[in-house]
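K.L.:
give me coordinates for this.
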Amino acid sequence: MPADSAASLLAELGCQGRGPTVGTGGMVSSSHPAVSRAGIAVLEAGGNAADAALAMAAMSWLALPGQCGVGGDAFVLLHRPDGTVVSYGGSGFGPDGGEPGFYRDGRGLSAVPLEGPLAVAVPGAVAALAALHAGAATWDLPRLWEPAAAAAERGMPCTYKTREDILERRDALSRDPGTAAVYLPGGNVPAVGTPLPQADLAATLRRLAARPASFYSGGLAERAVSALAAAGAPFSGDEWAATGEPLVGASITGRYQGATVHQTPPPTPGWMVLQQAGLNDGLLAERPWMSAEAVHLAAGAARLAFADRYAGCGADNDHWAGLLAPDAIAAARARLAAGDLPDPAVPAVPVDGDTTSMVVVDGDGMAVSLIHSLAFTFGARITVPGTGVVLNNRLGRGAYLIDGHPNEVRPRRRPLHTLNAWLVTDAAGRLRHVGNTPGGDGQVQWNTQLLSHLLDHGLDPAAAVAAPRFTVHPGSDADVLGQPPELRVESRIGTARIEALRDLGHAVTVQSAWGAGGSAQIISVDGATGALLGAADPRQDGVALSV
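P.N.:
Now for the predicted structure:
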């Protein structure tokens, strides 16, 4: 669109404000200033993008404790200066004794619990980060993780977000001695600015930095397995050792507007971004940016992707690959044109969730997109005694208790995930964009929207992360299946567009101006100058910094 029209629309939708950070020697972006500062300090001292990302990941365990931790999962895309892209996946198995009958017959449950020991999958984050370190880093891990260990020892100040997270989950946190001791000191919700020291976690970080494998075999693993088994979760210890082998391999790719989009493979839903990109390619670019018609098309693609995921996808099958075949994309476009969008039809329970992410590009063209999570805020809300490690609830959030489903809870089957990371390269393999966002089932939708903002309409990173969001609900997480379909939109999209979407048949729920959630991070490479342009989502406290 013409420059004047673009500026006017950006202003109308509340996307015009501070421009992107600009640099040439390297850049980082995250959801917390301390995390970004940890990364830029590494780049300034001569470390590469992988080094910086590893330092940032560890610092975020302290700065954003509700969103991520040693006891969670992590996924990474690494773009090397030669154009190759590698995916590192850290996602764990449920307990070896966790057959469906254990939950149904032995416990009388209709779903895997969302809290407590039965919700836990083996954490995969340490395995993925150790693999990234072995494959791309130049600094040793104790050097990279010592700033986080020191921060744990002295206590990171409680932020507004962390205090809100604690306040909303106070009852659950109070039931576990380990979480209560850290996050409810003296039995009270900490005031903003109160240091939250974690001596046990500091010791654990130093131990893991010296030997990451100890999380999966040895003293730490034995302590975790023993505590969970004593609490009724049927872990054997063998599934912990198996999770210590990360998922390392090529990214999965698709085309959009002539560029190559790289995504993390299963168990992540990265293929859903590629499917939506295939459905939208050439269509959204022809529509006015953020018009009701464009939102309608994108929402339809998202709805179809979730239906396809529920219909046949599991972490250990390749059903997803067939959905990306050209004939399948063509058939799906026909389904969209005909309005064939099946609704979810199984029972639901309330929604929750949290994650955080970061991006790094160094002066040599190495780039990292990293996302990690405990699944729900503070995960299962339980701590491995004496370690400071809060455990995830990924099994409860991700696995179904539905007979015969490919995502049915089973031993040695990873539950389907919400986390995914992306980057974009040109025909020569040169980096164009790297990004990601937290947000549960919103991730695959918002990441697709970010790609459209960048590639269809030429927005800079600051405008792209600030653009109004729209979200198809429900997705296909275990905790939201079957809720009534709706299209959630931030109010900044405007009354006229909202009414037009209702006329197109959407059950629209209007959120506050910045209320969709998420915390997108983008770094782009300017094609004309080679400069780096970056931005952190204004919906959280993040910042992009340049060398």
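
K.L.:
and for the closest residue to residue 459 other than its chain neighbours, the neighbour number?
P.N.:
The spatially closest residue to residue 459, leaving aside those adjacent along the chain, is residue 453, at 4.3 Å (Cβ to Cβ, 6 or more residues apart in numbering). Bear in mind the C-beta positions are built from the backbone N, C-alpha and C, glycine included. The number of residues packed near residue 453 is 24, by other Cβ atoms under 10 Å.

K.L.:
contacting residues around residue 453?
P.N.:
For residue 453, the contact set (Cβ atoms under 8 Å, 6 or more residues apart in numbering) comprises 289, 459, 463-464, 467.

K.L.:
which SS state does it fall under?
P.N.:
Taking DSSP: H, G, I helix; E, B strand; the rest coil as the rule, one finds residue 453 in the helix state.

K.L.:
need the pLDDT of it.
P.N.:
At residue 453, the model reports a pLDDT of 98.

K.L.:
over to residue 340?
P.N.:
According to the prediction, residue 340 has pLDDT 74.

K.L.:
and if you look at residue 349?
P.N.:
For residue 349, the model assigns a pLDDT of 35.

K.L.:
does residue 56 count as helix, strand or coil?
P.N.:
Per three-state DSSP, the local secondary structure of residue 56 is helix.

K.L.:
can you tell me how far it is from residue 127?
P.N.:
18 Å (Cβ to Cβ, to the nearest Å).

K.L.:
which of those two has more neighbours?
P.N.:
A count of neighbours by other Cβ under 10 Å puts residue 56 above the other of residue 56 and residue 127, at 31 against 27.

K.L.:
residues touching that one, list them.
P.N.:
By Cβ under 8 Å, 6+ apart, the contact set of residue 56 is 28, 30, 35-36, 38-39, 358, 360, 370.

K.L.:
please apply the same query to residue 286.
P.N.:
Applying Cβ under 8 Å, 6+ apart, no residues qualify as near residue 286.

K.L.:
ditto for residue 94
P.N.:
120-122, 239, 395, 399, 409-411, 413, 415.

K.L.:
and if you look at residue 488?
P.N.:
Applying Cβ under 8 Å, 6+ apart to residue 488 gives the contacts 470-473, 508-509, 511, 516.

K.L.:
just confirm it is within a strand.
P.N.:
Yes: if the criterion is three-state DSSP, then residue 488 is within a strand.

K.L.:
and the pLDDT at it?
P.N.:
96.

K.L.:
please shift the residue numbers so they start at 15 in all later answers.
P.N.:
In the new count, where the first residue is 15, that last one comes out as residue 502.

K.L.:
what's the spacing between it and residue 552?
P.N.:
On the measure of Cβ to Cβ, residue 502 and residue 552 end up 18 Å apart.

K.L.:
which of the contacts of residue 467 sits closest to residue 97?
P.N.:
Nearest to residue 97, judged by Cβ to Cβ, of these is residue 478 at 23.5 Å.

K.L.:
show me the beta-bridge partners of residue 405.
P.N.:
On the basis of DSSP bridges, residue 405 is bridged to residue 85.

K.L.:
so it makes contact with residue 399?
P.N.:
No: with contact defined as Cβ atoms under 8 Å, residue 405 does not reach residue 399; the gap is 11.3 Å.

K.L.:
more crowded one of the two?
P.N.:
Neighbour count, other Cβ under 10 Å: between residue 405 and residue 399, residue 405 has more, with 33 against 16.

K.L.:
bridging residues for the closest residue in space to residue 560 that isn't next to it in sequence?
P.N.:
In space, residue 560 comes closest to residue 37 once its chain neighbours are excluded; the distance is 2.5 Å by Cβ to Cβ, 6+ apart. Beta-bridge pairing for residue 37 (DSSP bridges): residue 546.

K.L.:
got the contact list for residue 37?
P.N.:
545-546, 548, 560-561.

K.L.:
how about residue 537?
P.N.:
By Cβ under 8 Å, 6+ apart, the contact set of residue 537 is 41, 43, 373-375, 381, 447-449, 475, 546-548, 558.

K.L.:
mind checking which of these land in strands?
P.N.:
41, 43, 373-375, 381, 447-449, 546-548, 558 (DSSP state E).

K.L.:
can I get these in CSV including pLDDT and distance to residue 506?
P.N.:
CSV is the format used below for those (pLDDT from 0 to 100; distance: Cβ to Cβ, whole Å):
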residue, pLDDT, distance to residue 506
41, 98, 27
43, 98, 22
373, 98, 24
374, 98, 30
375, 98, 29
381, 98, 30
447, 98, 23
448, 98, 26
449, 98, 21
546, 98, 28
547, 98, 23
548, 98, 22
558, 98, 22
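
K.L.:
please name the residues that touch the residue lying closest to residue 46 once chain neighbours are set aside.
P.N.:
Leaving aside its chain neighbours, residue 46 sits nearest to residue 77 (4.3 Å; criterion: Cβ to Cβ, 6+ apart). Neighbour list for residue 77: 46, 48-49, 165, 170, 173 [criterion: Cβ under 8 Å, 6+ apart].
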